[in-house]
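>>> 3D model of this:
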Amino acid sequence: MSPAIASTRPAKISSEYSAVSVVEKRSVTIRGHRTSYSLEKPFYDDLVAIAAARKLTLAALVAEVDETRPRETNLSSALRLHVLEWAKRGASLD
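Purely as a prediction, here's the structure:
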């Protein structure tokens, strides 16, 4: 791995998840409108952890991400990107 790509911290690999995780569809009500999103279990678990860390309900966090996402980005992708950003920032998103 080249120095430009090498991470300064070791990657954490959980044996809890297989290499391929099944996508699960979930429903939520956002501003009175029922919608759904599909996430793999690792993303869903981290989304739940983010909500807990921020003392939000999962529905409130999903609504926040939905409200701030670009309209050309689907909700499922926006949620995955939110989890990724949270992880990159060391789980300190407020």
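
>>> Going by neighbour count, which residues of stretch 33-49 are buried?
For stretch 33-49, the neighbour count (16 or more other Cβ atoms under 10 Å) marks 37, 38, 39, 43, 44, 45, 46, 47 as buried. In this view, the C-beta of every residue, glycine as well, is placed from N, C-alpha and C.

>>> Quote the end-to-end distance of it.
One end of stretch 33-49 to the other measures 24 Å (Cα to Cα, to the nearest Å).

>>> ok, and what's touching it?
14, 17, 21-29, 58, 61-62, 66, 75-76, 79-80, 82-83, 86-87, 91 (Cβ atoms under 8 Å, 6 or more residues apart in numbering).

>>> how about 7 Å then?
17, 21, 23-28, 58, 61, 75-76, 79-80, 83 (Cβ atoms under 7 Å, 6 or more residues apart in numbering).

>>> quick one: low-confidence parts of the chain?
1-19, 91-94 (pLDDT under 70).

>>> Show me the residue at the heart of it, geometrically.
For the chain, residue 83 is the residue whose C-alpha lies nearest the centre (Cα atoms, centre = their mean; 3.0 Å).
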